[in-house]
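# dropping the sequence and predicted coords here.
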Amino acid sequence: MAATVRKLVVEVVEARNLLPKDGTGTSSPYARADFDGQRRKTRTVPRDLNPAWNEPLEFNFPGPGSGGIDPVAGEPLEVAIFHDVRVAPTRRNNFLGRVRLDARQFVRKGEEALIYFPLEKKSFLSWVRGDIGLKVYYLDEPLAPEPDPPAADPPAADVEPPKVDAPPPAPDASPSPVCADPPPEAEGPEKAHGAPPAGDEANTEKPPEGDGDPAAPTPATEDEPVLSSEAVPVSDSAASERPPEEETPPPPPIPTPMPRQVPVPPRPAPPPPDVPMERSKHDLVDKMPYLFVRVVRARGLPAGAHPHVRVAAGGRHASTREARRGAFFEWDQTFAFKRDPAIDSPGPTLEVSVWDLPPDADVSIADDRSFLGGLCFDTADVHARDPPDGPLATQWYRLEGGRRLAGADLMVATWAGTQADEAFGEAWKADSPSASSFSAAVASRAKVYVSPKLWLLRLTVIEAQDTLTAAPPRDAGIAVRGTLGFQSLKTRTTPVNRNGGPAWNEDLVFVAAEPFIDEDCFVISLEVRYGKEAFPVGSASISLAAIERRVDDRKVASKWLDLLPSDEAMRKVGKRAAMHMHGGRLHVRVCLDGGYHVADEPQYASSDFRPSARQLWRPPIGALELGIVGCKGLLPMRTADGKGCTDAYAVAKYGPKWARTRTISDSYDPAWNEQYTWPVYDPCTVLTVGVFDDPLQSLPPDEGKDAACSRPMGKVRIRLSTLENGRVYRGTYPLILMLPSGAKRMGDVELAVRFATSGTALDVLHMYGQPVLPAMHHLRPIPSVNREALRLAAARISAGHLARAEPPLRREVAMWMLDAAEPRGFSMRKLRANWNRAVAALSWVADAARWAEDTRSWRNPTATTMAHAVLVLLAWHPDLIVPTLTLHVAAVGVWKYRRRPRAPAPHPCVRASMAEAPDREELDEEFDTIPSGRSAEVVRARYDRARMVGARLQAMVGDVATQAERLQALVSWRDPRATGMFVVLCVVVAMVLYMVPMKVVAVVAGFYYLRHPMFRDRMPAPVINFFRRLPSMSERIM
């Protein structure tokens, strides 16, 4: 593989609305970029507050090449704009603003997009405005091969060292208009920005500036090698010979080894790998001791043998695959046997034997000639290894007992460890399904998956021209259809316009997944619709890799597409006739929107709100650690060999990362004790953990893997905002599954969760004031009718991507975790549950009304008397109303602090879901598919019941409309007497309020409302009677 070097490219496109600096209302700006001690400049745009540069600036990444560095862990990039004082001098500071970008915002070439960043201040007293448009990305370039004639240089090396040192400033000064200025750290801010040269003049004027200080050569020559790695080869002898040789030209005071680099203080060396071990990798779960056996290779075996190794301990055995032939017989496989010293497991001995048989053969009935030798280890003498220790070295052991050979050796390593060992992930486990076969157990290993990055593909259909060469039918219409994979959307049908082309100006939004390759095409077709039939006229395809990306609301350039005859048109009219058809032209605008968050989870269970474009991501605010301890009391999910069994595994999802534990076979109390970590970007997100049964290992050999599906046993959701910082929550959560027979508890899962913030508490609190969704959801929101369809499409794409992994995360597992397994219709149980939620959330209103009624009824005379006093106090001092209310709410919050939940609330809640005693008919209706699969009588009965519910809703809506129309009738003069009385009453009330102070009116009204029941009438008040007599539109409804 050819060596490559990674470069960072910063395309400085333009700036907008800059601050004037030259005293005449304009500025002459140029941009300067600094990255990892390197500096680049753009040209100066004279007298322009909206300059356009369109210049790419290249930087080298630190490190030997693309394989040795991580762009995410690089240094930040700073792009600053200055006013060039040589074009228009100014007495003020020439700083116009800057932008600092974190290395996490760098993307690979092809993913870049133009982003406008607001300019930031350099200090508190700085005054800046405007923004700058940048494209930032990195790419890998092959290194140029070194020239062949390096052998001719050594003879002349002793004669020409000064000539080799002198040219570097000239070549570095000519290729590009990059800056050779000293760093901002080496001089004051005003001096550093006072004379900013631009273009090639910067490099031609720099040496004369050095000539003006003849006393500086010796100290500068001594200090320069410390500032640049390229100055190290300059020897002291060469430095001493430089002044005599440069008598005619002005002597440069320093060799200037790398004018593109900015001198920066040396960075400290990275700490050794064993220093940052702050906490154990598995500190949230229980330690599980294992006995590890690694079988590497064998030598001295017969040349024609097909050996495999059999490892047995504690009644469990496993076999390697057939050896790979080479200089040795290679296996390099690791086995893990669960170890329990309390019950002497896995036994006192460990047996390793080599057999000349297929791996799935039964060695108990094999011939002795197939036995090639074996080893026996005492498990009490096995060395114990802790995770900080390095891997244990393998050793050669002489095979004993074999009759066919003498002198054969086997390379083996045995040690005792835990699940924190790095070999545990890829090792065979004794508790995994199909324990006798290593290859079959690979599918049951613990794995981590990543969802694909999803983008929104927006198609804006503007108009079409020359679409039809013949007159279509009178009732025909034209529509445009876009197709991307399984997604197909069309515009509204527009009648054929004989005077001009049809126009739509309509947006169609699709979901696309990275990576975008040339073979992935977006098809746009034009079709004529007549009745229920659609005839495609022509189509055009666009490669997804060629579609422009954007991250803001700017308009991308539109294009005209030539429509070619479609395949369906060729089938209908024939290929020869279709070649003479002309589908016309279509005016469209296509782009990939990276400013949206493409959700594949429901809103209430979303674990990530970041946009698609990586450039817009915020830095993480903390880390989430999840320990999946195990399950208890699981129910049997199927029958195998005449008995119930369960092969359970757990799946956790947060953000784009999925974690799958290993499968433990035939256990109702599986113990995984696995721990995973996620970065957290928003505290108001949800972690989802589900438990499933893996039926693949119990299938007959002749059936494929798609013959059975992983059946869910329940899920748990934990909201991160309910967790305290740094606290470990370990507890048992019920696994409840809603079945057609009702809610069923499938068992319990034990989890340990910890959410730790990486910054200060103010950073987390600041997130609560930020928008939940990215800015594009507010600038150009997606229509609500399309959101659920886009979410289901995104979930389907993510599930398909995960199903193609190896080992795969099955499609039904991902769809069930994303709540997109099957769309369900109306549920009377959920309707009642939501009604109870609304009633419980508004219970304080009912409590307040009940308290007011009790006070008004004088049930507690003392409380009513105090209410009169408070009424007078607030009427005379109305400025105390808002502080009193806020203080009361704060007191309620402090009082309820003692009864705050000590652990995350269990999910789901059977009582809140109204699933304790559900009606079987309602559950059957809830689980019915769409369209319904029940008999006609059942569907008719449900339809009649739905009609009754609809009638009640109809009456409720009619009552609300009646009250609103009576309110309008007060001034509509539909009832002249009622409206006249209301107008006169309003005039009288206005005159009274003009003459009587508002405090007196408030006190009198309050006293009248709180009057004793002996002064009241049981009949409704005259005001209520008057309002009920007002007319409405009910009598006009047919």
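Cool, the structure landed.
# ok, residues contacting stretch 999-1009?
Outside of stretch 999-1009, the residues within contact range by CB atoms under 8 Å, 6 or more residues apart in numbering are Arg856, His868, Leu871, Val872, Ala875, Trp876, Pro878, Val992, Leu993. To be clear about C-beta, it is placed using only N, CA and C from the backbone, and glycine gets the same treatment.
# try it again with 10 Å
Taking CB atoms under 10 Å, 6 or more residues apart in numbering as the criterion, the residues outside stretch 999-1009 that touch it are 852, 855-856, 867-868, 870-872, 874-878, 989, 992-993, 996-997, 1015.
# filter those residues down to the buried ones and hand me the PyMOL line.
To isolate the buried members of the contacts of stretch 999-1009 in PyMOL, using 16 or more other CB atoms under 10 Å:
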select buried, resi 855+856+867+871+874+875
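# so which of the contacts of stretch 999-1009 belong to helices?
With helices defined by DSSP state H, the entries of the contacts of stretch 999-1009 inside them are 852, 855-856, 867-868, 870-872, 874-876, 989, 992-993.
# report pLDDT for Trp415.
In the prediction, the pLDDT value recorded for Trp415 is 88.
# could I get the buried residue list for stretch 11-28?
So for stretch 11-28, counting by 16+ other CB under 10 Å, buried means 11-15, 18-22, 26-28.
# cool, stretch 605-622 as well?
By neighbour count, and taking 16+ other CB under 10 Å as the criterion, the buried residues in stretch 605-622 are 605-616, 620-622.
# which one among those residues gets closest to Ile664?
Ser607 (25.9 Å; CB to CB).
# please identify which helix or strand holds Leu375.
Leu375 belongs to strand 371-378 when assigned by DSSP states H and E.
# and Val136, what does it touch?
Counting by CB under 10 Å, 6+ apart, Val136 touches 8-12, 33, 35, 57, 77, 79, 101, 103, 105-107, 112-113, 115, 117, 615.
# one step back: which one of the buried residues of stretch 605-622 sits closest to Arg294?
If you rank the buried residues of stretch 605-622 by distance to Arg294 using CB to CB, Pro620 comes first, at 36.4 Å.
# residue contacts, that closest one?
Shown in contact with Pro620 (CB under 10 Å, 6+ apart): Arg104, Trp678, Pro679, Val680, Tyr681, Asp682, Thr757, Ser758, Gly759.
# so where does it fall, helix or strand?
For Pro620, there is no enclosing helix or strand under DSSP H and E.
# begin at 159 from now on, thanks
Will do, 159 is the new start, and the previous item becomes Pro778.
# and it, what's its pLDDT?
For Pro778, the model assigns a pLDDT of 91.
# okay, strands next: where are they in the stretch 509-658 of the chain?
In order along the chain, the stretch 509-658 of the chain carries the following strands (DSSP state E, counting those that start in this stretch): 529-536, 553-556, 567-575, 586-587, 605-608, 612-623, 635-642, 645-648, 652-653.
# mind giving me a markdown table with those and columns for mean neighbour count?
Putting the strands of the stretch 509-658 of the chain into a markdown table (neighbours: other CB atoms under 10 Å) gives the following:
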| stretch | mean neighbour count |
| --- | --- |
| strand 529-536 | 19 |
| strand 553-556 | 13 |
| strand 567-575 | 21 |
| strand 586-587 | 25 |
| strand 605-608 | 15 |
| strand 612-623 | 21 |
| strand 635-642 | 21 |
| strand 645-648 | 16 |
| strand 652-653 | 16 |
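# any regions of the stretch 209-358 of the chain where pLDDT drops low?
Applying pLDDT under 70 to the stretch 209-358 of the chain flags residues 221-232, 302-358.
# right, and Asp444 touches Gly788 too?
Yes - counting by CB atoms under 10 Å, a contact exists between Asp444 and Gly788, whose distance comes to 8.6 Å.
# neighbour-wise, which of those two wins?
Gly788 (24 against 14; other CB atoms under 10 Å).
# so what's that one up against?
Contact analysis of Gly788 by CB under 10 Å, 6+ apart lists 443-444, 446, 806, 808, 819, 822, 825, 827-832, 890, 906-909.
# buried subset of these as a PyMOL selection?
A single PyMOL command suffices to select whichever of those are buried according to 16+ other CB under 10 Å:
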select buried, resi 443+446+806+808+819+822+825+828+829+830+831+832+890+906+907+908+909
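# in strands, which of the contacts of Gly788 appear?
Secondary structure assignment (DSSP state E) places Ala806, Ala808, Ala829, Trp830, Asn831, Glu832, Thr890, Asp906, Val907, Glu908, Leu909 from these within strands.
# from Arg174, how far off is the fifth one?
Plainly put, Asn831 is 56 Å away from Arg174 if you go by CB to CB, to the nearest Å.
# what does Arg1169 give?
Taking CB to CB as the criterion, Arg1169 is separated from Arg174 by 67 Å.
# between the ones in helices among the contacts of stretch 1157-1167, which sits nearest Ala161?
The closest of the ones in helices among the contacts of stretch 1157-1167, once distances to Ala161 are taken by CB to CB, is Leu1032, at 80.1 Å.
# so what's the closest one up against?
Leu1038, Ile1039, Thr1042, Lys1157, Ala1160, Val1161, Gly1164.
# so, low pLDDT: which residues of the stretch 1009-1158 of the chain?
When the per-residue scores of the stretch 1009-1158 of the chain are filtered using pLDDT under 70, the ranges that remain are 1064.
# what pLDDT does Leu750 get?
pLDDT, the model's per-residue confidence, is 94 for Leu750.
# am I right that it is in contact with Ala271?
Yes - taking CB under 10 Å as the definition, Leu750 is a contact partner of Ala271 at 8.4 Å.
# for the longest helix along the chain, buried residues please.
With secondary structure taken from DSSP H, the chain has its longest helix at helix 1094-1126. Buried positions in helix 1094-1126, judged by neighbour count with 16+ other CB under 10 Å: Arg1100, Glu1123, Arg1124.
# can you tell me how far the last one is from Met1139?
What that stands for is Arg1124. Between Arg1124 and Met1139 the distance is 14 Å, computed by CB to CB.
# then the second one?
Glu1123 sits at a distance of 18 Å from Met1139 (criterion: CB to CB).
# kindly report the same for Ser1001.
Spatial separation of Ser1001 from Met1139 under the definition CB to CB is 39 Å.
# same question, Val1115
For Val1115, the distance to Met1139 (CB to CB) stands at 30 Å.
# same deal with Ala996?
For Ala996, the distance to Met1139 (CB to CB) stands at 38 Å.
# the two: who's more crowded?
Using other CB under 10 Å, the more surrounded residue of Ala996 and Met1139 is Met1139, with 13 against 9.
# name the element that one belongs to?
Here Met1139 sits within helix 1134-1153, counting by DSSP H and E.
# would you mark the buried spots in that helix?
Judged by neighbour count using 16+ other CB under 10 Å, the buried positions of helix 1134-1153 are Ala1136, Thr1137, Phe1140.
# I figured the last one was touching Gln1126, is that so?
No - using CB under 10 Å, Phe1140 is not in contact with Gln1126, being 11.8 Å away.
# shared neighbours of these two, anything?
Taking CB under 10 Å, 6+ apart as the contact rule, the neighbours common to Phe1140 and Gln1126 are Leu1188.
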